[in-house]
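Participant: What follows is a predicted protein model with its sequence.
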Amino acid sequence: MPIRRPTIGHVIFACLVAVAAWWMASVKREASTAGPRVDGPAGAVDVGIAGDVPVASAANTAPGSSRDLVADEEPIQRFASWTRRYLAASETERPSLEREGVALAAARRPVMKQLIQEDPQRALERVVPRVVRQQLPASIVAQLENPVSHRGDYNVYLGKPAPGVAVPAKGLVLRYFETEGASYKAHVFGGLAHVMSRRNFPLQGYALDRELAVAPNAVRRLEEGERIPKGVIVQSTCPVSGLTTEAVSEGQTVTSIAPTVEIAGTLITLCNGSHVTVLEDDYRTYVQASGPGGGGFFMDNFPGTSSRAIGNFRCLYIRVTYPDQMQQPNTVEQAYADMRGNARYYLEGSYGKMTQTSTVTSVLTLPHTVAWYKAKDEEVDGLGLVHTDSRNAAKAAGYDPAQYDCVIVRVNQGPRLEGISWGGGTSVWITWDGMDVLNHECGHSLGRGHANSWDSLDGTPQGHGENGEYGNPFDVMGGGGGFDAHYNTISKRALGWLPDGYLHFPKGDGVYRIYAYDQPTLEEGKRYGLTVAKDSVRQYNIEYHPAAGGFLADNALVLYSGMGSNAGHLLDTTQGSLKGKDDGGIAIGRTYSDPEADMHFTVLGKNNTTPPSLDIAYNRGPFPGNVAPAVVLSASATSVAVGGSITFTATASDANGDPLAYEWLFDDGVGGTNSPSFTRAFTSAARRTAMVTVSDLKGGATRRSITITVGAPTTQNIVGTILDGATPLQGVLVSNGSRWCYSNADGTYTLANLATGATTLTATLAGH
């Protein structure tokens, strides 16, 4: 008979695949300096640069992947040793061992509870197997972790500290699993770490009191020898094949011949052991398809589209106070002003796809005091309790929360509400005023995580590093604010605001024009970003965000997706620069190269279009035989009066015949155009270093510099050469903390315009 496999609607299962780790070889070289000297006013200065500036290069790891020991596991090991003795003992010997076992289980309990909270993966590896558990006395089982396998509301709240409030050491993510009258604090790892709030969601794991270690898959294969509990009916239709099986009955034990799984408390016998893997994969598909990339609980207002953030976003803004406060948290006028700003932000950010309407309540009084809610937080989800009581008070006052997509509670103080606001699912808690906190927390209700950064630990933008929470300063889901702090292209794409037809997905090398995405409308035929896979885990996302101002007026931003946060990770492509992330994009004429993947992105130029646009050259190797361009840099003068101009010219050639790009950069941060020559006027007395990097767009680049004098400055220059043995090192960042320059292709450098006297320099280069 034909085998029919049911759809995911019949069986729903476990978690996103954990982010894969990738490794790169450790590289450590020594950098040495040759003959630094001082040019400038009288008085030579001896300057020493440390000859060894090591930067370790190690495993690339996803955020939250550390598995350090978090608890003394000796009580766990002692109890495990006792269980082996107990199971090996005769029936007559076992009663005499029970008292010892109870004491050991009691000593194990707090250690296991800590392990669940701090390393749920390790905790799940330490749970007592079911076949052992079923043979232990009830007095001992009562001390052990309890199995959990249910459907329920999985609530994920992400917080934002008020301006000036430090991020708590434990971070700003709360997870609760509310099921069958129980409220658990959920502790997850792997793919579930980035799944947002879900209703009627199947989870399984083990709990001690309220602390729940969530397993990476809601499909649990019963252990061989595990007995079916009394009163439990096992389904006998295999959900994969549709065939009827010989299901085990209550009191019977599971065998390899009758493989049985548990899903949300339901036991099912399969016709084939390999079907366990099929069901696990189905659950992963379910979580991925409905999970972190999409919205929270909101249903689309336009049938036939897939986005959950299109149409009218209806918000109920509930203003509440406590009976021991009896004062309004803010004024009605302030609340409506903030919601008007929020509505404008979403209308412009969604390209008109999402409108927002809001209702603001009068001040309502919660039924209990602040202290009462804080105390109850030890027993249940205190935030959820405040929200539930606020909704009930609103309903009693004539407002129906069920008619709204998002319910915002504006409150002063409360459980976990001291200087922190939260958002997740259909709920938002606000503890201070302003549009930005609404744009951020309502973003969590739309399913957005934090817009983070990838903080390098090896000096490269793309390599070994760690998650930087809130690390994208240009996105309101990170550290940004104001109408210009748009959700990035990763988020806009996931929300359905930026369809794939408006993005480049390069299939090969070429030049691609991307328009500014931070505008209120999209135009047919234009592309507002570029996305290309780096490997099976990570994707590069190139976007143009000029509304943020500053360096971003002419720079392309580079973000990773696929690294966990569904709002991406911003890369700082100018590691070590004094401007930090503010100049971390790709400037005009510059090539950003990823040697791991042999990928190269070059901003060829800015176009005076509406909206403005950048032309991006994308090339992916290998490029065998490629050599860097040959470059000679000259200046029309090396000294000029204040107010005078100098023309700098880079005479370059490429042995491979490749097109060339020119990045001009001065040590005061001024950049130039992508052209062989650049003319600049100087308005104050100073010593200046002009640098040019000529790229062949394929990873070959040559840097040259020249130093000029404007007027009669009272400053000095430090010049030297940086070598690796006898080999010159290019691109070394030399700085004294306020002044900086890069070394040239021949290893030489000039750090200009320093105050007279001694100074300490640092020299940094990835891999050294």
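Facilitator: Looks like it arrived, so ask away.
Participant: Flag the shaky bits of the stretch 201-350 of the chain, pLDDT-wise.
Facilitator: For the stretch 201-350 of the chain, the stretches with pLDDT under 70 are 288-308.
Participant: And the helices in it?
Facilitator: 275-290, 332-349 (DSSP state H, counting those that start in this stretch).
Participant: and residue 562, which of those is closest to it?
Facilitator: helix 275-290 (11.9 Å; Cβ to Cβ). C-beta here means a position set from N, CA and C on the backbone, and glycine is covered the same way.
Participant: Redo the helices of the stretch 201-350 of the chain as JSON lines? Include distance to residue 451.
Facilitator: Converted to JSON lines, the helices of the stretch 201-350 of the chain look like this (distance: least, Cβ to Cβ, whole Å):
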{"stretch": "helix 275-290", "distance to residue 451": "21"}
{"stretch": "helix 332-349", "distance to residue 451": "13"}
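Participant: nearest to residue 366, of the ones you listed?
Facilitator: Taking Cβ to Cβ, helix 332-349 is the member of the helices of the stretch 201-350 of the chain nearest to residue 366, at 17.3 Å.
Participant: how far does the closest one sit from the chain's center?
Facilitator: Distance, stretch centre to chain centre, for helix 332-349: 27 Å (Cα atoms, centre = their mean, to the nearest Å).
Participant: Stretch 729-746 now?
Facilitator: How far stretch 729-746 lies from its chain's middle: 31 Å, per Cα atoms, centre = their mean.
Participant: repeat for stretch 228-243
Facilitator: Taking mean C-alpha positions (Cα atoms, centre = their mean), stretch 228-243 and its chain are 40 Å apart.
Participant: How about stretch 444-451?
Facilitator: 11 Å.
Participant: Between the two ends of that stretch, how far is it?
Facilitator: This stretch, stretch 444-451, spans 11 Å end to end (Cα to Cα, to the nearest Å).
Participant: The lengthiest strand in the chain packs against which elements?
Facilitator: Identified as the longest strand of the chain according to DSSP state E is strand 146-161. The contact analysis (3 or more Cβ pairs under 8 Å, 6 or more residues apart in numbering; DSSP states H and E) places strand 146-161 against strand 173-179, strand 198-208, strand 420-424, strand 427-430, helix 435-445.
Participant: quick one: low-confidence parts of this protein?
Facilitator: Residues of the chain meeting the criterion pLDDT under 70: 1-71, 288-308.
Participant: Can you get me a residue count around residue 760?
Facilitator: Residue 760 has 11 neighbours, counted by other Cβ atoms under 10 Å.
Participant: Put together a markdown table for the helices of the stretch 201-350 of the chain, with mean neighbour count on each row.
Facilitator: Shown next, in a markdown table, are the helices of the stretch 201-350 of the chain (neighbours: other Cβ atoms under 10 Å):
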| stretch | mean neighbour count |
| --- | --- |
| helix 275-290 | 18 |
| helix 332-349 | 18 |
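Participant: before we move on, the earlier item: and the longest strand of the chain, which residues are buried?
Facilitator: 147-161 (16 or more other Cβ atoms under 10 Å).
Participant: Next, the angle strand 198-208 makes with it.
Facilitator: Orientation of strand 146-161 against strand 198-208 (axes from the mean of the first three to the mean of the last three Cα atoms, to 10 degrees) gives an angle of 120 degrees.
Participant: Strand 146-161 vs strand 420-424, what angle?
Facilitator: Interaxial angle, strand 146-161 versus strand 420-424 (the same axes, to 10 degrees): 130 degrees.
Participant: Within the sheet, what are the partner strands of strand 146-161, with directions?
Facilitator: As defined by DSSP bridges, the strand partners of strand 146-161 come to strand 173-179 (antiparallel), strand 198-208 (antiparallel), strand 420-424 (antiparallel).
Participant: Nearest to residue 639, out of those?
Facilitator: Nearest of the strands paired with strand 146-161 to residue 639, taken as Cβ to Cβ: strand 420-424 at 56.7 Å.
Participant: Single out the most deeply packed of the strands paired with strand 146-161.
Facilitator: A comparison of the strands paired with strand 146-161 by mean neighbour count, using mean count of other Cβ atoms under 10 Å, puts strand 420-424 on top with a mean of 25.
Participant: Just the C-alphas of that strand, formatted as CSV.
Facilitator: Extracted in CSV, the C-alpha atoms of strand 420-424 (Å, rounded to 0.1, in the frame of the first residue of the first chain):
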residue,chain,number,x,y,z
ILE,A,420,14.0,48.4,32.4
SER,A,421,11.3,48.1,29.8
TRP,A,422,10.3,44.7,28.2
GLY,A,423,8.6,43.4,25.1
GLY,A,424,7.5,40.0,23.8
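Participant: can you pull out the strands in the stretch 651-768 of the chain?
Facilitator: 661-666, 677-681, 686-695, 701-710, 716-724, 727-728, 733-735, 740-742, 748-754, 762-764 (DSSP state E, counting those that start in this stretch).
Participant: In JSON lines, list the ones you listed along with distance to residue 340 and mean neighbour count.
Facilitator: Shown next, in JSON lines, are those (distance: least, Cβ to Cβ, whole Å; neighbours: other Cβ atoms under 10 Å):
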{"stretch": "strand 661-666", "distance to residue 340": "42", "mean neighbour count": "23"}
{"stretch": "strand 677-681", "distance to residue 340": "45", "mean neighbour count": "15"}
{"stretch": "strand 686-695", "distance to residue 340": "47", "mean neighbour count": "24"}
{"stretch": "strand 701-710", "distance to residue 340": "49", "mean neighbour count": "22"}
{"stretch": "strand 716-724", "distance to residue 340": "55", "mean neighbour count": "20"}
{"stretch": "strand 727-728", "distance to residue 340": "59", "mean neighbour count": "12"}
{"stretch": "strand 733-735", "distance to residue 340": "46", "mean neighbour count": "20"}
{"stretch": "strand 740-742", "distance to residue 340": "44", "mean neighbour count": "22"}
{"stretch": "strand 748-754", "distance to residue 340": "48", "mean neighbour count": "23"}
{"stretch": "strand 762-764", "distance to residue 340": "47", "mean neighbour count": "17"}
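Participant: Switch the ones you listed over to JSON lines; also include distance to residue 393.
Facilitator: Output for those, formatted as JSON lines (distance: least, Cβ to Cβ, whole Å):
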{"stretch": "strand 661-666", "distance to residue 393": "59"}
{"stretch": "strand 677-681", "distance to residue 393": "64"}
{"stretch": "strand 686-695", "distance to residue 393": "63"}
{"stretch": "strand 701-710", "distance to residue 393": "64"}
{"stretch": "strand 716-724", "distance to residue 393": "68"}
{"stretch": "strand 727-728", "distance to residue 393": "72"}
{"stretch": "strand 733-735", "distance to residue 393": "58"}
{"stretch": "strand 740-742", "distance to residue 393": "58"}
{"stretch": "strand 748-754", "distance to residue 393": "64"}
{"stretch": "strand 762-764", "distance to residue 393": "58"}
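Participant: and of those, who's closest to residue 493?
Facilitator: Closest among those, using Cβ to Cβ: strand 661-666, at 28.1 Å.
Participant: tell me what that closest one is packed against?
Facilitator: So strand 661-666, by 3+ Cβ pairs under 8 Å, 6+ apart, packs with strand 645-653, strand 677-681, strand 686-695.
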